[in-house]
Structure formats: structure tokens, C-alpha cells
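Trainee: no FASTA, just this:
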């Protein structure tokens, strides 16, 4: 009963929705899952291994996934059971998280990645070759894309302003990223000054 209750709590902590879909296929690519997670999910969810802090200081953020699954992990739940819970939460998410944010093999890869690392302090997964963590486009996708629309980054977040329409100045972008405000968390201390500068430059050049 305790194990079932813990798993139910993990599912509720993620999205408050039911489970029961088909099990994801075996052989998922966890490296690709990490990249997709940082791009599509990291702006809202904290996950230690991915280096994302979306739910820290962000009122619009989603659950901290390490916290959501730590109890289940300590109870030695099978990893494929955790994977199934994550996969179902992607498929049956409730607002503000959109359903099927990733689909098909991408959903399998993200679910497999989260199942491997969430609540596991020893887990380490490398990004696919060439997916540099200092790339400004990837920085935007992983930290900002779930809240902001930016055509160049392929993101369609609606929680924050549409940056293609707002077209912030370079200084405005630096200030907003650094200090936050208006529901946006500050990234000072989470990103280096060089990363903030590169991210602001990317937003400015992409919208002008």
C-alpha cells in the first residue's frame, strides 16, 4: 500500500492527472531525452542532472522532478514504472502544461531520461555530441522557451510575452534576464554573466 501511495503521489505531484497509457518502447535514447528535456521542459521544471531550475522562484513553474520522485526512488520502484508515470504525465498533462509537448519517440526519450535521473543524485547523462550547453539558442530553449514564443528558437510558450512581438532592446534583455520581474525568475546566479550576455544578444538579434 505504501509503495502504491508513493507512486500515486508522484503522479499527482507532476500533473494531477490519470495514468494508464501504453508503455513506451524499449531502447529509448536518454541522451536525446536530456537535450529535449532542457529545450522543452527545463524552463518550468527543476531537475538536478539537467541543470534546470525552472520551478525555483518561478510562480508559473512546474514541480521539482527530483522532489517528486525521490520517495519512489528510495522505495526501489522499478525504473520502468517511473518511466511509465512520466510518459503518462506528458500525454495527459493538465494546464498550464500542454498535452503531448513531445510526442512519439521524443516522448519515449524524455520519459526514459527523467526516469533514469530524477531523484537520483548519482545519475549522469551526457548530451548528444555537438549539443553544447553554452550555445545561446539552447540556453534560450532550456531556460526561456516554455514561457516565451521566439520563432528562431522554435518555441511557443505563452506564459510570458511573445518576444517576436515585444522585440526587446539589448539592454532590456540583459536587465530582464538578470533581475527577472513580472513573474519571471532572475537568472543572476543561475547563469554566468557571459551566458546572460550571450542569451540577451541572441534574443536581440533574433527579433530585430
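Mentor: Structure's in. What do you need? As the structure is a computational prediction, the values presented were derived from the model and not from experiment.
Trainee: give me the nearest residue to residue 150, chain neighbours excluded.
Mentor: Of all residues not flanking residue 150 in the chain, residue 163 sits nearest, at 4.8 Å (Cβ to Cβ, 6 or more residues apart in numbering). For every residue, glycine as well, the C-beta is placed using N, CA and C.
Trainee: ranges for the strands of the protein?
Mentor: Along the chain, the stretches classed as strands by DSSP state E are 46-47, 52-53, 149-150, 155-156.
Trainee: what ranges in this structure fall below the confidence cut-off?
Mentor: For the chain, applying pLDDT under 70 flags the ranges 1-26, 56-60, 129-133.
Trainee: pop the domain breakdown of it in here.
Mentor: Split into domains by automatic domain parsing, the chain comes to 2-117, 136-207.
Trainee: how far does the first one sit from its chain's centre?
Mentor: The offset between the C-alpha centroid of domain 2-117 and the centroid of the whole chain comes to 9 Å, using Cα atoms, centre = their mean, to the nearest Å.
Trainee: then the last one?
Mentor: In terms of Cα atoms, centre = their mean, the centre of domain 136-207 is found 15 Å from the chain centre.
Trainee: just the terminal-to-terminal distance for it.
Mentor: 14 Å (Cα to Cα, to the nearest Å).
Trainee: ok, which of the domains of the chain comes nearest residue 128?
Mentor: Of all the domains of the chain, it is domain 2-117 that lies closest to residue 128, at 4.8 Å by Cβ to Cβ.
Trainee: coming back round to it: so the residue nearest to residue 150 sits right up against residue 147, yeah?
Mentor: No. Residue 163 is not in contact with residue 147 according to Cβ atoms under 8 Å; the separation is 10.0 Å.
Trainee: re the thing from before, dump the domains of the chain into TSV; add mean neighbour count as well.
Mentor: Below are these laid out as TSV (neighbours: other Cβ atoms under 10 Å):
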stretch	mean neighbour count
domain 2-117	19
domain 136-207	17
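Trainee: now distance to residue 124 too, for those, in a markdown table please.
Mentor: Output for the domains of the chain, formatted as a markdown table (distance: least, Cβ to Cβ, whole Å):
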| stretch | distance to residue 124 |
| --- | --- |
| domain 2-117 | 7 |
| domain 136-207 | 17 |
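Trainee: between these, which gets nearest to residue 125?
Mentor: domain 2-117 (4.9 Å).
Trainee: what are the ranges of the helices in this structure?
Mentor: Using DSSP state H, the helices of the chain run over residues 2-14, 30-40, 65-74, 79-91, 104-117, 136-143, 163-166, 170-179, 193-207.
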